[in-house]
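Student: have a look at this prediction, sequence included:
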Number of protein chains: 2
Amino acid sequence: MDAGTRIEEALATAIAAVEDPSAPPGLAAAVRHAVFPGGARIRPRLCLAVAQACGDDAPPVTDAAAAAIELLHCASLVHDDLPCFDDAEVRRGRPSVHRQFGEALAVLAGDALIVLAFQALVRVAETSPLRLPALLLVVGRCAGAPAGIVAGQAWECERQVVLADYQRAKTGALFVAATVAGAVAAGAESDPWRAVGERLGEAYQIADDIRDVVAHPEEIGKPVGRDAVLDRPSAARQLGLHGAVTRFEELLGNAAGAVPACAGAAALRALIQSEAARLLPKNLARRAA
Amino acid sequence: MDAGTRIEEALATAIAAVEDPSAPPGLAAAVRHAVFPGGARIRPRLCLAVAQACGDDAPPVTDAAAAAIELLHCASLVHDDLPCFDDAEVRRGRPSVHRQFGEALAVLAGDALIVLAFQALVRVAETSPLRLPALLLVVGRCAGAPAGIVAGQAWECERQVVLADYQRAKTGALFVAATVAGAVAAGAESDPWRAVGERLGEAYQIADDIRDVVAHPEEIGKPVGRDAVLDRPSAARQLGLHGAVTRFEELLGNAAGAVPACAGAAALRALIQSEAARLLPKNLARRAA
C-alpha cells in the first residue's frame, strides 16, 4: 500500500469514534470537514518515511503515530482559523470549519481532534505496548506546553516574543514529532532524528512565508499576503525572496545531512529533496528542486 | 495525606509543564486560573475514594487518574464558558477565563488542559505500565466522542436531542470515568464500578438543576436561574423541586447499593451519603443528608 493510502486509511480509522451513529452528527461532520480532504499530509508522510527508513517493523504503530500527528495539525488549523485568532474564512480551498459549522462546533471539533489523536495511540497498546509510553511522550510534547503547538499559538498573545521560540513551537514541534515518532514506531533509536525534524520544520516555515508572498490563492487554498496584513514575522519579509529561497535550500541540505545511518537513509535523503518542489510555489519550484 | 491535599498536589504536578519558564506566561496564567482554586473537586475525590475502597496499592497511579479527570472537567468549563456557548462571565466566584485573559487564551487554555490530562497519565507508565492502556481508554472515552464531554457539549448544537444521551455524555461520562479509573488505578475489576458512576452522575446533574433554581449566587460562585433563561432542560423544571429532591435521594441510594463487595465498601457508602449534603443548597441539605 502506498504512503498516501496508508495515511488516509489511518485517519479514517482514527476518527471513526466521532462518526459513530450515537455521536452528535454536527460534531462528526465538522471533524470530517477538518480532516478530509487533506492538504499535503506532509507531517504523516514524513513520519512514515522515517519509519520506513528504520525498517517499519510494526506498520499499525507507524500508522497510528502518523494519524495522531496529522490530527493534532488539523486541530490547530481549526482553532487558529477561529475569529479570536486569524478569523480565516477559507482553508484548503473550502470554508473554514467555523464558517461552515459555526464557532461552537469549531471549538469542539478541535477539542475532539486532540482527544482522537491520543486515542489513536491507545490502539498501539495491543500491537506494541512497549512503544506506547514513548509515543505518548512525543505526541504530548509536540501538542502542549512549554514547546508544542498550543504554546506556539499562545506566543501570538504575548507582547514580547523570541521569534525562534515561537516558530519552533508553532511549526517545528510537529515536524520533530513526525521524525521522532517515526523512529520510535519502528523501534529505532529516536534521538538522532530530532535534528532532521528541526531542520525540515524550519525549511517548511520559510516555504510557508515564501508562499504567502508569491503564491496564487488557488494554489495554496487560502488567501495570500496575510503576513503583511497581520504584521506577522516572516522570513520572506526579513531576508527578501532571494535570501529566503537560499536559506530554504540550505536547511533542506542540512536535514538530508542529519539523516543517521540506517537501511533506508539514501531513499529518505532523495525523498527530502524531491518533496522540496511541493513546498514552494510553482513559479519558484524548479529553482529549489 | 488527606484526599484534598493529594488532589491539589497531583493537579499542581500535572500542570507544571505549562508553568515552565520557557512557556508563554499568559497561557500558564490562564491554565492556573482554570484549575486553582478549584470547586468541590468532586470527581477526583470520587476517583480517590473508589481507589481507596479497592486498596489503592499504587497511589501515584490513582493521583494521575484523578488529576486527568479533573483537568478534563476544567477544560470543559473553560470552553463551555466561551461567548459562542454560555458566554459566562463568572465561574467559581471569579471572572471566567475568557473574561480575565481573552478568548484566544481561553481556547488555548482548554486545549492545553486536554493535552495535560493525557500527559498526566503518561507518567503512570513508569510506576505501573500495565495499567496505562486501560486508564487511557477510560479517560479518552469520557473526554471525546461518541459519549464523552465534547460530544455532550456538541449535543447542544443539535436541534433534536435525547435528553438522557446529552446528560449522560455531558455530565455522566466524567463520573463514570472517576469510578472506573479509580478501580483501574488500584488494579481492581472495573466493570462493577460503572453503575456507581452512572447513578452518581445522574444525581449530580439533578443537584445542579436544583441549585440553579434555589441556591444563592454567592453559594455556587456563578449566576442562578440560567436554565430558565437559556431554556435548558432541567429536572427541577420537569419534576418540580420536591420531585427532584426525591429523585436525587433515590439515585444516591442506588449508587450506594451498586458499590461492589470490596475492602472499603462500607466506608465508601457512608462517604457517598455524607457528600450528598455538599451537593444541595444549604437550605435543602438537611433534608437530603
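Tutor: Structure's in. What do you need?
Student: where do the strands sit along the stretch 51-200 of chain A?
Tutor: Along the stretch 51-200 of chain A, counting by DSSP state E, counting those that start in this stretch, strands occupy A:90-91, A:94-95.
Student: pick the most buried one from those.
Tutor: strand A:90-91 (a mean of 18; mean count of other CB atoms under 10 Å in any protein chain shown). (Each C-beta comes from the backbone N, C-alpha and C, glycine too.)
Student: direction included, what does it pair up with?
Tutor: Using DSSP bridges, the strands paired with strand A:90-91 are strand A:94-95 (antiparallel).
Student: wait, A:Pro24 touches B:Ala154, no?
Tutor: Yes: using CB atoms under 8 Å, A:Pro24 makes contact with B:Ala154 at a distance of 4.1 Å.
Student: anything in contact with each of the two?
Tutor: Here A:Pro24 and B:Ala154 share the contacting residues B:Ala145, scored by CB atoms under 8 Å, 6 or more residues apart in numbering or on different chains.
Student: these two: who's more crowded?
Tutor: Shown here are A:Pro24 and B:Ala154; by other CB atoms under 10 Å in any protein chain shown, B:Ala154 has more neighbours (30 against 26).
Student: and the gap between the more buried one and A:Pro25?
Tutor: Distance of B:Ala154 to A:Pro25, given as CB to CB, to the nearest Å: 9 Å.
Student: enumerate the residues of the stretch 151-289 of chain A near chain B.
Tutor: Within the stretch 151-289 of chain A, the positions lying close to chain B (CB under 8 Å from any CB of the partner chain) are A:151, A:153-158, A:165.
Student: widest-spaced pair of those?
Tutor: Pairwise distances across these (CB to CB) peak at 13.8 Å, for the pair A:Cys157 and A:Asp165.
Student: run a quick neighbour tally on the closest residue to A:Ala28 other than its chain neighbours.
Tutor: Leaving aside its sequence neighbours, A:Ala28 sits nearest to A:Glu19 (CB to CB, 6 or more residues apart in numbering or on different chains; 4.7 Å). By the criterion of other CB under 10 Å, A:Glu19 has 16 neighbours.
Student: pLDDT score for A:Ala285?
Tutor: pLDDT, A:Ala285: 57.
Student: residues making contact with stretch A:35-43?
Tutor: Taking CB under 8 Å, 6+ apart as the rule, stretch A:35-43 contacts A:4, A:7-8, A:11-12, A:15, A:66, A:69-71, A:73-74, A:92, A:113, A:174-175, A:177-178, A:204, A:221, A:275, A:278-279.
Student: ok, the closest residue in space to A:His98 that isn't next to it in sequence to A:Ala10 distance?
Tutor: For A:His98, ignoring the flanking residues on the chain, the nearest one in space by CB to CB, 6+ apart is A:Ala106 at 3.6 Å. Taking CB to CB as the measure, A:Ala106 falls 24 Å from A:Ala10.
Student: got a list of what the residue in the stretch 151-289 of chain A that chain B sits nearest to touches?
Tutor: When scored by CB to the nearest CB, the stretch 151-289 of chain A has A:Ala154 as its residue closest to chain B, at 3.7 Å. By CB under 8 Å, 6+ apart, the contact list for A:Ala154 reads A:145, B:23-24, B:26-27, B:105, B:108, B:112.
Student: gap between the two ends of stretch A:255-262?
Tutor: Length of stretch A:255-262, first residue to last, CA to CA, to the nearest Å: 15 Å.
Student: which residue packs closest to the residue positioned nearest the centre of chain A, ignoring adjacent ones?
Tutor: With distances taken as CA atoms, centre = their mean, chain A has A:Arg43 as the residue nearest its mean C-alpha position (4.3 Å). Nearest non-adjacent residue to A:Arg43, counting by CB to CB, 6+ apart: A:Ala178, 4.5 Å away.
Student: same thing with A:Ala143?
Tutor: B:Val115 (4.6 Å).
Student: quick check: that neighbour touching A:Val139?
Tutor: No: using CB under 8 Å, B:Val115 makes no contact with A:Val139, being 9.0 Å away.
Student: what sits against A:Gly187?
Tutor: A:54-55, A:57-58, A:131.
Student: how about the CA coordinates for stretch A:215-232, as PDB?
Tutor: Extracted C-alpha coordinates of stretch A:215-232, given in PDB (Å, rounded to 0.1, in the frame of the first residue of the first chain):
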ATOM      1  CA  ALA A 215       1.800  32.100  -4.500                       C
ATOM      2  CA  HIS A 216      -1.700  32.300  -6.000                       C
ATOM      3  CA  PRO A 217      -4.600  31.800  -3.600                       C
ATOM      4  CA  GLU A 218      -6.000  28.900  -5.700                       C
ATOM      5  CA  GLU A 219      -2.600  27.100  -5.500                       C
ATOM      6  CA  ILE A 220      -2.500  27.100  -1.700                       C
ATOM      7  CA  GLY A 221      -6.200  27.100  -0.900                       C
ATOM      8  CA  LYS A 222      -6.100  30.200   1.300                       C
ATOM      9  CA  PRO A 223      -5.600  33.900   0.900                       C
ATOM     10  CA  VAL A 224      -2.100  35.200   0.400                       C
ATOM     11  CA  GLY A 225      -0.400  38.300   1.800                       C
ATOM     12  CA  ARG A 226      -1.700  37.600   5.300                       C
ATOM     13  CA  ASP A 227       1.700  38.000   7.000                       C
ATOM     14  CA  ALA A 228       2.000  41.600   5.800                       C
ATOM     15  CA  VAL A 229      -1.700  42.400   6.700                       C
ATOM     16  CA  LEU A 230      -1.300  40.900  10.200                       C
ATOM     17  CA  ASP A 231       2.200  42.200  10.600                       C
ATOM     18  CA  ARG A 232       3.500  38.700  11.300                       C
END
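Student: what does it rub up against?
Tutor: Here stretch A:215-232 makes contact (CB under 8 Å, 6+ apart) with A:39, A:86, A:88-94, A:209, A:211-214, A:233-234, A:236-237, A:281-282.
Student: what's the distance between the residue nearest to A:Gly140 when sequence neighbours are not counted and B:Asp191?
Tutor: In this structure, A:Gly140 finds its nearest non-sequential neighbour in B:Gln119, 4.3 Å apart by CB to CB, 6+ apart. B:Gln119 sits 27 Å away from B:Asp191, going by CB to CB.
Student: which among the contacts of A:Gly187 gets closest to chain B?
Tutor: So of those, ranked by how close each gets to chain B (CB to the nearest CB), first place is A:Arg131, at 11.2 Å.
Student: ok, the closest one touching A:Leu121?
Tutor: No: the criterion here is CB under 8 Å, and A:Arg131 misses it with A:Leu121 at 9.5 Å.
Student: these two: who's more crowded?
Tutor: Legend: neighbour count by other CB under 10 Å for A:Arg131 and A:Leu121, higher for A:Leu121 (28 against 21).
Student: number of residues surrounding A:Val224?
Tutor: 17.
Student: please read the previous query as pertaining to A:Gly93.
Tutor: So A:Gly93, with other CB under 10 Å, has 13 neighbours.
Student: where's A:Leu200 relative to A:Leu135, distance?
Tutor: Taking CB to CB, one finds A:Leu200 at 20 Å from A:Leu135.
Student: next: A:Ile114.
Tutor: 15 Å.
Student: of the two, which one has the most company?
Tutor: For A:Ile114 and A:Leu135, the more surrounded residue by other CB under 10 Å is A:Ile114, and the numbers stand at 31 against 25.
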